[in-house]
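Trainee: A structural model of the following input is requested.
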Amino acid sequence: KGEGHVEGEKVENPDTGLYYDEYLRQVIDVLETDKHFREKLQTADIEEIKSGKLSRELDLVSHHVRTRLDELKRQEVARLRMLIKAKMDSIQDTGIDHQALLKQFEHLNHQNPDTFEPKDLDMLIKAVSARYK
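Mentor: The predicted structure is shown next:
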């Protein structure tokens, strides 16, 4: 990781094809700003990441990082709600339970739309892992 790159140089990653690709990238970028979490991420093997062990490290990141992750999650929930509303408007069906529709998005905890918790990181990792099995 990072070999052959100048410190601070932005490396362009290919699009994952996930509908939440931008959210995933932003979460990773914010987590990597925390020195402790970045070190844990660099030393973790793929099984530690997939099992959720790495997600528990979220409780140790700085307040600033948690605040930024909370903000990202609220933006992602708003984006998903906007997509649901656009979908609903396109089929002209009212009376649909938006909370039930949010359940189809498995990359975040829709029951807690305001804060980014270890469960959110775990769900994001599991959603990405399931996509690439």
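
Trainee: Which stretches in the chain count as helices?
Mentor: In the chain, the segments counted as helices under DSSP state H are 21-31, 35-43, 46-51, 63-91, 98-102, 118-131.

Trainee: and P14, what pLDDT?
Mentor: For P14, the pLDDT comes out at 66.

Trainee: what does the one 3 residues further on give?
Mentor: Predicted confidence (pLDDT) for G17: 77.

Trainee: could you measure it against M88, distance?
Mentor: 25 Å (Cβ to Cβ, to the nearest Å). Every residue, glycine included, has its C-beta placed from N, CA and C.

Trainee: more neighbours, these two?
Mentor: Counted by other Cβ atoms under 10 Å, G17 and M88 do not tie: M88 has more neighbours, with 15 against 8.

Trainee: Helix or strand, whichever it is, which one in the chain has the lowest mean pLDDT?
Mentor: Every helix and strand of the chain was ranked by mean pLDDT, DSSP states H and E. The lowest is helix 98-102, at a mean of 60.

Trainee: Done for today, thanks.
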